[in-house]
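Asks: Could you look at this predicted model? Sequence included:
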Amino acid sequence: MAVTLRKSTELFTVAKWLTRRDCRTLSSLPEKAKLASLEVTEKAETSRRRPKKVNPLLENRHAYPEFLPDPNPKWRNSLREKLERADMLKRRNQIDIPEFYVGSILAVTIADPHSQGKTNRFVGICIERKGCGLRAEFTLRNVVDHQGVEVRYDLYDPTIHKIQVLRVEKRLDDKLFYLRDALPEYSTFSFDMDPEILPEGTPVPINPVKVELKPKPWLERWERQELQGISNIEQYLTKKDKVRRELRKTPWEKYDLMKQYRKTIPIEEQTDIWSEVNSQLQQLQLARKKSTRKRTFSAPKTQLG
């Protein structure tokens, strides 16, 4: 009887072990099913999530940055800013101030202060655009007779007769001061340059060209400014310059939230400003488009025999 009991208990343990093993092999099936169901639900949730809509009014901050107030709180005055925006819109009723960026090629016609009734026309690339309100300004650069010439214009100067954009494009950097130390071919533009017209709705192209600098001395230490539009800056650096560049780096500034806050304007204030200005800007654009579509008709002159 003892032998039979031992055999039965051994058979029972073997059967129990086999059933446990089978259950372990089969236990992965419900886990896989759960994982599959979770993946399906995640895909459904991602498909249900709608992309965040970007307010179209906020896109104007790239084309018309001068309408935004100064981010420095020391120079903020809501009443003065509102009056300046009204004056800027009145000025835009009298002259067409087109959309341009740093890197665009412009032709500016301005009244000659030294001779009454005459005008001067200058063509160049925009290397800087700064200021806000009526203090907005931009700088053009061109090489004339192997000599670099830079002219700074106030955007809302009443002596400006015409601002024409010959080529609309952006560059890799926000400022192009390094063109002063670059080869002259990167800053040379013909005064008889024909305008390049982009079709409506196309995004502003970004020119990926990288300029070549002349040998030292330079006007500034360009190697310390993390510029993307220079191609041959490393070949003019010594070991000492590279060590000093590493010591001058400030990688922690991108985590400084207060510095970013001081340099930017809250979105709520931007939407209020653009809701006030956008309708009038659109009316000006529509009026100019209608005027350009109209064909001028001149009656033929009679030829006397």
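Replies: Looks like it arrived, so ask away. Numbering: from 1, shown residues only.
Asks: Kindly confirm my reading that residue 149 is in a helix.
Replies: No. Counting by DSSP: H, G, I helix; E, B strand; the rest coil, residue 149 is not found in a helix; it is strand.
Asks: Spatially nearest residue to the residue nearest in space to the middle of the chain (excluding sequence neighbours)?
Replies: Nearest to the geometric centre of the chain sits residue 62, at 6.4 Å (C-alpha atoms, centre = their mean). Spatially, and ignoring its direct neighbours in sequence, residue 62 is nearest to residue 101 (7.5 Å; C-beta to C-beta, 6 or more residues apart in numbering). Just so you know, the C-beta spots here come from the backbone N, C-alpha and C atoms, and that holds for glycine as well.
Asks: ok, now which ones touch the one you found?
Replies: Residues in contact with residue 101 (C-beta atoms under 8 Å, 6 or more residues apart in numbering) are 62, 126, 129, 168, 169, 170, 204.
Asks: Out of those, which sit inside strands?
Replies: In strands, judged by DSSP state E, the following of the contacts of residue 101 are found: 126, 129.
Asks: isn't there a helix covering residue 91?
Replies: Yes. Residue 91 forms part of a helix when assessed by three-state DSSP.
Asks: looking at it, it is touching residue 154, isn't it?
Replies: No. Using C-beta atoms under 8 Å, residue 91 is not in contact with residue 154, being 10.8 Å away.
Asks: ok so, going back, measure the residue nearest to residue 62 to residue 108 for me?
Replies: Separation of residue 101 from residue 108 (C-beta to C-beta, to the nearest Å) stands at 15 Å.
Asks: what does residue 117 give?
Replies: 18 Å.
Asks: Pick out whichever of the two has more residues nearby.
Replies: More crowded of residue 117 and residue 108, by other C-beta atoms under 10 Å: residue 108, with 19 against 6.
Asks: distance between the helix or strand encompassing the more buried one and the chain's centre?
Replies: Element membership of residue 108, judged by DSSP states H and E, is strand 105-111. When C-alpha coordinates are averaged (C-alpha atoms, centre = their mean, to the nearest Å), strand 105-111 and its chain have centres 23 Å apart.
Asks: Show me what it packs onto, helices and strands only.
Replies: Secondary-structure packing of strand 105-111 (3 or more C-beta pairs under 8 Å, 6 or more residues apart in numbering; DSSP states H and E): strand 119-130, strand 137-144, strand 147-154, strand 160-167.
Asks: Can I get the ones you listed in a markdown table including mean pLDDT and distance to residue 223?
Replies: Converted to a markdown table, the helices and strands packed on strand 105-111 look like this (pLDDT from 0 to 100; distance: least, C-beta to C-beta, whole Å):
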| stretch | mean pLDDT | distance to residue 223 |
| --- | --- | --- |
| strand 119-130 | 96 | 19 |
| strand 137-144 | 96 | 21 |
| strand 147-154 | 96 | 21 |
| strand 160-167 | 95 | 29 |
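Asks: Helices of the stretch 151-300 of the chain, start to end?
Replies: Here the stretch 151-300 of the chain has its helices, by DSSP state H, counting those that start in this stretch, at 239-248, 257-263, 267-293.
Asks: Can you tell me the closest non-neighbouring residue to residue 262?
Replies: According to C-beta to C-beta, 6+ apart, the nearest residue to residue 262 is residue 71 (6.3 Å).
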